[in-house]
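> Pasting a predicted model and its sequence here:
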Amino acid sequence: MALEDLFEQIKLWPLKRKITFVLVILISFGLMWGIVAWSDRVEYQVLFSNLGPQDAGNVVGKLKEMKIPFRVEGNVIFVPSTKVYETRLDLAAQGIPQGGGIGFELFDKAQIGVTEFVQRLNYRRALQGELARTIKDLSEVDEARVHIAIPERTIFADRSDRPTASVVLKVKPGRVLNQNQIGGIVHLVSSSIEGMTPYDVSVIDNMGNLLSKSTDLNVAADSMQLDYQKSLEKDYESRLQSMMEGIVGRGKAIVRVAAKIDFTQTEKTEERFDPDTIAVRSEQRSQEKTTGPASGGIPGVMSNQPGQPPAQSAATGPMSQKQTESISYEVSRSVSKTVRPKGDIKTISVAVLIDGTYKKEGDKNVFVPRPEAELKKYDDLVRAAIGFNQERGDQVTVQNVPFEATVEDMVPEKTDILKIVLPILKLFVPLVVALLLIMFAIKPIVEILKAPIKLAPRARVAQYEEEPEVIRSTEMPERQEKQMKEQITEAVKRDPRKSAMILKDWMSSE
């Protein structure tokens, strides 16, 4: 019955109110549908980026096979945020992406009937792919390709040629490879191939510039010397900077150091003679002495037989004596050998800029230079910190100048606010919109439904004509008063709401 009354009251509305009611209902349903769709929206995150065509195709194929929704924008592949890490682990377990080129997984599948030439060719391809992947792991390298030339070995050749390799690098924008990194790539490739030396490896960039110049020992030595000089200057600068900022304040001092290093290695041998000191170097003595004549007889058997008289010896000459002595003297001599290591500091120059003080004058800060005595104190501190040597030609300059900015503004780390706000919005936005719908849509509709409809005179007459005769009559005989009351009571019980509206119309018309 209430639903019929609602329809009856809507029929009595003017056309403008009916159109407004329909529009509010449609807008409310549209907003609710939009909120539900937005809440259920899938958030995508990056799965892989900067993939090559082959790797991107493999990833897309596996995602289709795993029935995971994805989106591709350029060379970036997106998947739902709830499946990013799980998908990466699943693809990594299958060796995807390969990182450009094929590696030793080429031999994972056994191949029957493959010739020796094909096996050697596959081994070369796998080795090139593995080296390219390793080189690509460097933070400065975007893409890498390795080409290896291995000569065939024969038993008839007197000497065999060494293998050679060439590496093509594509460096990331704004990045530069130093000589140490290039030398590391060269030694990585040469150490991975039997019989290859660093001189057999060439490295170029994608613009065709030759990078592998560090294989020359002289160039490598020059690079090491330059790095040592820079590190020494940087060490002096950091120590002086921390000392000065501790005195004048952070950001109020700038220190620059220039050092000249002597990389020559000298070896000195010195031999000295002392004429006042004489020492015996060698001494030789010889002595010979002879005493008395020698006894003897006729030699032979007869003279030595028993019973024979001794033979008389012949007369001998006088006794002789001989003595020889030789002594060698030498002047005292000392030999010293001195080796001076390379890397000594020839000269060192230091420049220090110190900001002054400021005083407030109106809306501006006016620069106030520091006193000369204070600058002299800072000069003495710097000289003591570097070990100043006037004979060596060291220089120290301390100047007081105004700085543009006293303290450098630190750039705050960017925080992804959307990742924090979106989950909160998904919870609160539907509640807020629901409250707004209740306050500004549903509640006004209910008020409109409760509001009485003022009928036009003709509508009221037509409505009155639908009522029983006893209600339309204003003058009734007394004998019919009881019957009229009963009919009115019955009409009110049958439709109290409609009866109340008629009474209100009567009262308002009066």
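The structure has been received and is ready for your questions.
> which non-adjacent residue is nearest residue 80?
residue 42 (5.1 Å; C-beta to C-beta, 6 or more residues apart in numbering). From N, CA and C alone the C-beta is placed, and that goes for glycine too.
> what number of residues lie near the one you found?
Residues near residue 42, counting by other C-beta atoms under 10 Å, number 11.
> Am I right that it sits in a helix?
No: under DSSP: H, G, I helix; E, B strand; the rest coil, residue 42 sits outside any helix and is assigned coil.
> Closest to the centroid, which residue in this structure?
In the chain, the centroid-proximal residue (C-alpha atoms, centre = their mean) is residue 139; its distance is 7.3 Å.
> secondary structure class for that one?
Counting by three-state DSSP, the backbone at residue 139 sits in coil.
> Next, count neighbours for residue 272.
Residue 272 has 9 neighbours, counted by other C-beta under 10 Å.
> any idea how far the residue nearest to the centre of the chain is from residue 69?
As for residue 139, its distance to residue 69 is 32 Å (criterion: C-beta to C-beta, to the nearest Å).
> So what touches the helix or strand containing residue 347?
Assigned by DSSP states H and E, residue 347 falls within strand 344-354. For strand 344-354, the surrounding residues in contact (C-beta atoms under 8 Å, 6 or more residues apart in numbering) are 232, 236, 240, 244, 248, 252-262, 370, 375, 378, 382, 386, 392-401, 403.
> Identify the residues contacting residue 164.
148-149, 196, 200-202 are the contacts of residue 164 under C-beta under 8 Å, 6+ apart.
> how does it look with 6 Å?
149, 200 (C-beta atoms under 6 Å, 6 or more residues apart in numbering).
> my read: residue 145 touches residue 168, true?
Yes: if you go by C-beta atoms under 6 Å, residue 145 and residue 168 touch, sitting 4.6 Å apart.
> The longest helix along the chain versus strand 344-354: what angle between them?
Secondary structure of the chain per DSSP state H: the longest helix is helix 217-248. Inter-element angle recorded for helix 217-248 and strand 344-354: 40 degrees (by axes from the mean of the first three to the mean of the last three C-alpha atoms, to 10 degrees).
> that older thread, dihedrals phi and psi, the residue nearest to the centre of the chain?
phi -70, psi -20 (degrees, to the nearest 10).
> Make 32 the starting number, not 1.
In the new count, where the first residue is 32, that last one comes out as residue 170.
> per-residue confidence at it?
On pLDDT, residue 170 comes in at 84.
> Distance of residue 357 relative to residue 318?
In terms of C-beta to C-beta, residue 357 sits 13 Å off from residue 318.
> and what of residue 297?
54 Å.
> And for residue 360?
Taken as C-beta to C-beta, the span from residue 360 to residue 318 is 22 Å.
> Give me the three-state assignment for residue 218.
Assignment for residue 218 (three-state DSSP): helix.
> Neighbours of residue 284, how many?
The burial count for residue 284: 22, using other C-beta under 10 Å.
> Next: the one 5 residues further on.
With neighbours defined by other C-beta under 10 Å, the count for residue 289 comes to 13.
> who's in contact with it?
residue 380.
> hmm, 8 Å instead?
Going by C-beta under 8 Å, 6+ apart, the list of residues near residue 289 reads 264, 379-380.
> Residue 391 now?
Contacts for residue 391 were tallied using C-beta under 8 Å, 6+ apart; they are residue 397.
> got the buried residues for the helix or strand where it lies?
Assessed by DSSP H and E, residue 391 sits inside strand 388-392. The neighbour-count criterion (16 or more other C-beta atoms under 10 Å) identifies no buried residues in strand 388-392.
> strands paired with it, and their directions?
Paired neighbours of strand 388-392 in the sheet (DSSP bridges): strand 395-399 (antiparallel).
> Below-threshold pLDDT in the stretch 132-281 of the chain: ranges please.
Of all residues in the stretch 132-281 of the chain, those with pLDDT under 70 make up the ranges 132, 134-139, 185-191, 244-252, 254.
> Flag the shaky bits of the stretch 382-531 of the chain, pLDDT-wise.
Using pLDDT under 70, the stretch 382-531 of the chain drops low at 436-447, 449-450, 453-454, 457-458, 472-473, 475-513.
> give me that answer again for 90
For the stretch 382-531 of the chain, residues meeting the criterion pLDDT under 90 lie at 387-400, 421, 423-424, 432-531.
> partners of the strand holding residue 378, with directions?
Strand 375-385 is paired, per DSSP bridges, with strand 284-293 (antiparallel), strand 426-431 (parallel).
> CSV for those, including distance to residue 141?
Output for the strands paired with strand 375-385, formatted as CSV (distance: least, C-beta to C-beta, whole Å):
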stretch, distance to residue 141
strand 284-293, 60
strand 426-431, 74
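> Of the contacts of residue 289, which qualify as buried by neighbour count?
Judged by 16+ other C-beta under 10 Å, buried ones among those: 264, 379.
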